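Chemist: Fold the following, please.
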Amino acid sequence: MGSSFGDLFRISTFGESHGGAVGVVLEGCPPRLELDLEQIQAELNRRKPGQSKITTPRKEADQVEILSGLVENQTLGTPIAMVVRNKDHKPLDYKEMQAAFRPSHADATYQVKYGIQARSGGGRASARETVGRVAAGAIAKQLLAKANDTQVLAWVKRIHNIEVDVSPEHVTFDSIESNIVRCPDQHVAQLMVDRIEAISREGDSCGGVIECVVRNSPVGLGMPVFDKLEADLAKALMSLPATKGFEVGSGFEGSFLKGSEHNDAFVPTQDGRLKTATNNSGGIQGGISNGELIVLRVAFKPTATIRKDQQTIDPQGNATTLTGKGRHDPCVLPRAVPMVEAMVALVLADHLLRQQGQCSLW
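Modeler: The predicted structure is shown next:
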């Protein structure tokens, strides 16, 4: 329970951070979809640890093994199982978890809920669980691209209090991937890198915001009342580790506007498609995509493990002091970019199949 996501395009992830492997089983992918397996690996490479000086030094190749569901790179329509073996795991780095609960981690709540927990690296609560999501998301991206030329792009919008102001309409993949922090503005990116390094030298961590745009989204994705597109996107993105906030379109800033300022007026088009003069709705109205750019943002908290003394308790409730150990990102956002893209793609792929099943007969 709790490890599956989606309706028709459905994933189930498995594995712990320092267990033998992590992976995913993807069900519902249509047959005869020609997959670029190198693209799946490329997405995992964007997510993997040890890729730069501002990420965790844990070294994992994250080489994906596809166990089922394909013949000559074409999907069969049967479950696709993918696994990545854990190589560089060091469970002894986490022996302090047996003596004290790490502040703002899942240690205490898992122990209270289950009476037992994976004592190495957070187990299922670790960001390493997202390996399976990113692998499945890479397939969802290829499905969306083939079906509607849909593109999902995410980037780091803010680190700590350093923020970039870019138009979602003009951001490119190359500009995002041109630096280690995955910010599309090179000058601001360097400021972000400097800030992460400075905070890391203090033994501390920082959070920020990731922004994401969906281009060429099909019109009509999303279903009333409880399966609104933005509701499913919110659930998907808030299921990622360290997430603390979600907004779409104008988001919280829109609450400062009057209706006359916020409403997206419709404009006539020669082909009869929906077109709005502004996009405060973020491409979703009434829970259904309207064909405009889908724009959303996700807030990530600072990494919970820091190299400073923190007050906590042991499993018996006694006060103690803990200094974080192990290998952790001082800021999770650069590696979270492909995770955000993956979850958005998974939601869109699922809703695309649901829309086809509901509306294609008429």
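Chemist: who touches the helix or strand of the chain with the lowest mean pLDDT?
Modeler: Lowest by mean pLDDT, DSSP states H and E among the helices and strands of the chain is strand 319-323, with a mean of 86. Residues outside strand 319-323 that contact it (CB atoms under 8 Å, 6 or more residues apart in numbering) are 96, 99-100, 102-103, 307-314. C-beta coordinates here come from the backbone N, C-alpha and C atoms, glycine included.
Chemist: Select only the buried ones of the residues you listed in ChimeraX?
Modeler: Of the contacts of strand 319-323, the buried ones can be selected in ChimeraX as follows, counting by 16 or more other CB atoms under 10 Å:
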select :96,100,102,103,310,312
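Chemist: quick one: strands adjacent to the least confident helix or strand of the chain?
Modeler: Here strand 319-323 is paired, per DSSP bridges, with strand 309-313 (antiparallel).
Chemist: next one: the strand it pairs with to chain centre, how far?
Modeler: With CA atoms, centre = their mean, to the nearest Å as the basis, strand 309-313 stands 30 Å off its chain's centre.
Chemist: Just give me the neighbour total for the closest residue to Gly122 other than its chain neighbours.
Modeler: Leaving aside its chain neighbours, Gly122 sits nearest to Ser17 (5.5 Å; criterion: CB to CB, 6 or more residues apart in numbering). Ser17 has 23 neighbouring residues, counting by other CB atoms under 10 Å.
Chemist: pretty sure Ser17 contacts Thr130?
Modeler: No: counting by CB atoms under 8 Å, Ser17 does not reach Thr130; the two are 10.6 Å apart.
Chemist: All the helices of the stretch 1-150 of the chain, residue numbers only.
Modeler: 37-47, 107-114, 130-148 (DSSP state H, counting those that start in this stretch).
Chemist: want to try CSV for the ones you listed, with mean pLDDT as columns?
Modeler: Below are the helices of the stretch 1-150 of the chain laid out as CSV (pLDDT from 0 to 100):
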stretch, mean pLDDT
helix 37-47, 97
helix 107-114, 88
helix 130-148, 98
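Chemist: Please enumerate the strands of the stretch 51-200 of the chain.
Modeler: Under the criterion DSSP state E, counting those that start in this stretch, the stretch 51-200 of the chain contains strands at 64-66, 70-71, 74-75, 80-85, 151-159, 162-163.
Chemist: Which of the ones you listed sits closest to Pro330?
Modeler: Taking CB to CB, strand 151-159 is the member of those nearest to Pro330, at 10.4 Å.
Chemist: pretty sure Ile162 contacts Ala189?
Modeler: No: contact between Ile162 and Ala189 fails when scored by CB under 8 Å: they sit 9.5 Å apart.
Chemist: Look up the closest residue to Pro224, ignoring the ones flanking it.
Modeler: Gly287 (5.9 Å).
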